[in-house]
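Trainee: how would this look folded up:
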Amino acid sequence: MSALQFRAAGELDVAAIVALVESAYRGDASRQGWTTEADFLDGQRIDAAGVRELIGKPESHVLLAERDGDLLGCVHVERIDERGYFGMFSVRATLQGGGVGAALLHEAERVVRAEWGCTRMICTVISIRGELIAWYQRRGYRGSGQFKPFPYGDARFGLPKRDDLQFEVFVKEFH
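Mentor: Model prediction:
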């Protein structure tokens, strides 16, 4: 098996990114992996306009993980002051748990440190996602104690099946 390759996404990648993110988080296909949100969110996770917006922002990249030209994962990274932010972190459901996500997160951290000089990385995680939070904690992320409301009523972020969703902010300091 050949090594993973990483690159920044462009306009021609938008449809494949949307399909990957949707399949990693929504619907029955997402249940093949462990990152599914299908039990508490319906609807979309991202759309083409949202991906285009992320690709076009200054100091923002959608990083792709590929093997032999096949898209396996993606993550959005953005510089916000001295911090890097990552989100839309997705790995093909059938490959989750095989190291693609860890390698992709490592590449995202490398980009924000080496290219943007960031001193820390932040992310937000739906607070009921215990298994996912534990995965981030094993990689050096710590809860900040800060919470953000889930955007109820904005279908661009999904259709909640429960009323207790919120985001917790996690931080990793680079030394």
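
Trainee: quick check: longest strand of this protein.
Mentor: Ranked by residue count, the top strand of the chain under DSSP state E comes out as strand 70-80.

Trainee: how much space between the closest residue to residue 32 other than its chain neighbours and residue 87?
Mentor: Spatial nearest neighbour of residue 32, excluding adjacent residues (Cβ to Cβ, 6 or more residues apart in numbering): residue 93 at 4.1 Å. Glycine gets a C-beta too; all of them are placed from N, C-alpha and C. Distance, residue 93 to residue 87, by Cβ to Cβ, to the nearest Å: 18 Å.

Trainee: for those two, indicate the residue with more neighbours.
Mentor: residue 93 (20 against 16; other Cβ atoms under 10 Å).

Trainee: packing partners of the least confident helix or strand in the chain by mean pLDDT?
Mentor: Of all helical and strand segments in the chain, the minimum by mean pLDDT, DSSP states H and E falls on helix 27-30, at a mean of 87. Here helix 27-30 touches helix 14-25, going by 3 or more Cβ pairs under 8 Å, 6 or more residues apart in numbering; DSSP states H and E.

Trainee: elements contacting the helix it packs on?
Mentor: By 3+ Cβ pairs under 8 Å, 6+ apart, helix 14-25 packs against helix 27-30, helix 48-56, strand 70-80, strand 83-91.

Trainee: looking at these, which is nearest to residue 159?
Mentor: Among those, helix 27-30 comes nearest to residue 159, with 12.2 Å by Cβ to Cβ.

Trainee: circling back to that earlier point, which residues does the longest strand of the chain contact?
Mentor: Contacts to strand 70-80, defined as Cβ atoms under 8 Å, 6 or more residues apart in numbering, come from residues 4, 9, 13, 16-17, 20-21, 54, 57, 59-66, 84-92, 95, 100-101, 104-105, 108, 111-112, 116, 118, 122.

Trainee: could you flag which of the residues you listed are buried?
Mentor: 4, 9, 13, 16-17, 20-21, 54, 60-66, 84-92, 95, 100-101, 104-105, 108, 111-112, 116, 118, 122 (16 or more other Cβ atoms under 10 Å).

Trainee: residue 45 and residue 56: what is the separation?
Mentor: Residue 45 is 19 Å from residue 56, by Cβ to Cβ.

Trainee: with neighbour numbers in mind, choose between those two.
Mentor: Between residue 45 and residue 56, counted using other Cβ under 10 Å, the more crowded position is residue 45 (21 against 9).

Trainee: how about that one, what does it touch?
Mentor: 21, 22, 24, 25, 26, 37, 157, 158.
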